[in-house]
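Enquirer: Provided below are the primary sequence and the corresponding predicted coordinates.
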Amino acid sequence: MAQHCACLLHLQRNIQTIFKRKHLIYLIARASRAFRLEDFYVHFNEIKVIDIACADYVIRIGLEHWARSHFSGARYNIMTSNLAESLNAALATARKYPIVSLIEYIRFAVSTGYAVRHLMNAEYEVSAVTSKMSVETLVAEEYSNDYWGMAYSGTINPVHGGQGCQDEEGGDGMKLLPPRTRRPPGDHESVGSCRRER
């Protein structure tokens with residue numbers, strides 16, 4: 001579900017124009033980017049101390065429109081980069097083109113970007129191979145077999161101290177079987193059986 005949000009940059013510019021205090025801009029930015037309510041109110045209370053009129057101004061806008069902590073949408077999937085402005089800058093020269101030419105321009109720009117990145121990756125791979133560089137040196141130590149082995153080197157104890165778990169010898173006699181499935185219609189051969197010759 002789409003949610004309406006205020007642009008933080010424009011909000012900061014309005015606050016600078018109206019309230020004339022540069023430190024307010026910093027506090028608004030910190031409060032707006034806080035994910036937890038506790039963190040938000042730490043910065044928002046500082047805003048109240050510096051200028052109560054500014055605090056009232058942003059409350060009138062609606063905290064849910066500019067603060068992550070009060071946002072009613074998917075808070076952890078917020079686009080923080082302004083994609084529209086980036087796209088406008090990339091399409092500035094093609095803006096005057098007819099729609100078909102504009103779409104062709106976008107297709108060409110995207111495919112060229114992919115091709116350039118692919119060539120750069122291939123160039124790095126070739127340079128690593130031709131310089132007789134060991135590929136293992138390009139991998140972080142955390143992904144080595146020794147490092148992974150250390151994770152399992154100690155004893156792994158059951159959660160909850162083993163309560164609710166039964167040993168094989170002292171089990172409760174229940175035998176665990178695979179789930180029942182219905183055989184689909186049709187002619188089926190048994191696995192491992194030989195075909196009869198007709």
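Expert: That came through fine.
Enquirer: Residue 111: neighbour count?
Expert: 10 (other C-beta atoms under 10 Å). Using the backbone N, CA and C atoms, a C-beta is placed for each residue, glycine as well.
Enquirer: domains in this protein, as residue ranges please.
Expert: For the chain, automatic domain parsing gives the domain ranges 8-77, 82-152.
Enquirer: now for the ones you listed, which one comes closest to residue 183?
Expert: Residue 183 sits nearest to domain 82-152 of all those, at 39.9 Å, using C-beta to C-beta.
Enquirer: Let me know the average pLDDT across the closest one.
Expert: Throughout domain 82-152, pLDDT has a mean value of 79.
Enquirer: Give me the distance between residue 146 and residue 70.
Expert: Taking C-beta to C-beta, to the nearest Å as the measure, residue 146 falls 47 Å from residue 70.
Enquirer: Specify which residue of those two has the higher count of neighbours.
Expert: Looking at residue 146 and residue 70 with other C-beta under 10 Å, you find the greater number of neighbours at residue 70, namely 16 against 7.
Enquirer: which residues touch that one?
Expert: Contact partners of residue 70, counting by C-beta atoms under 8 Å, 6 or more residues apart in numbering, are 37, 40, 63-64.
Enquirer: top of the residues you listed by neighbour count?
Expert: Using other C-beta under 10 Å as the neighbour test, these are led by residue 40, with 20 neighbours.
Enquirer: other SSEs contacting the strand or helix carrying that residue?
Expert: In this structure, residue 40 is located in helix 37-50 according to DSSP states H and E. The helices and strands touching helix 37-50, judged by 3 or more C-beta pairs under 8 Å, 6 or more residues apart in numbering; DSSP states H and E, are helix 22-33, helix 52-61.
Enquirer: Could you say which of those is packed most deeply?
Expert: helix 22-33 (a mean of 18; mean count of other C-beta atoms under 10 Å).
Enquirer: Distance from the chain centre to that one, please.
Expert: Averaged C-alpha coordinates place helix 22-33 at 24 Å from its chain's average position (C-alpha atoms, centre = their mean, to the nearest Å).
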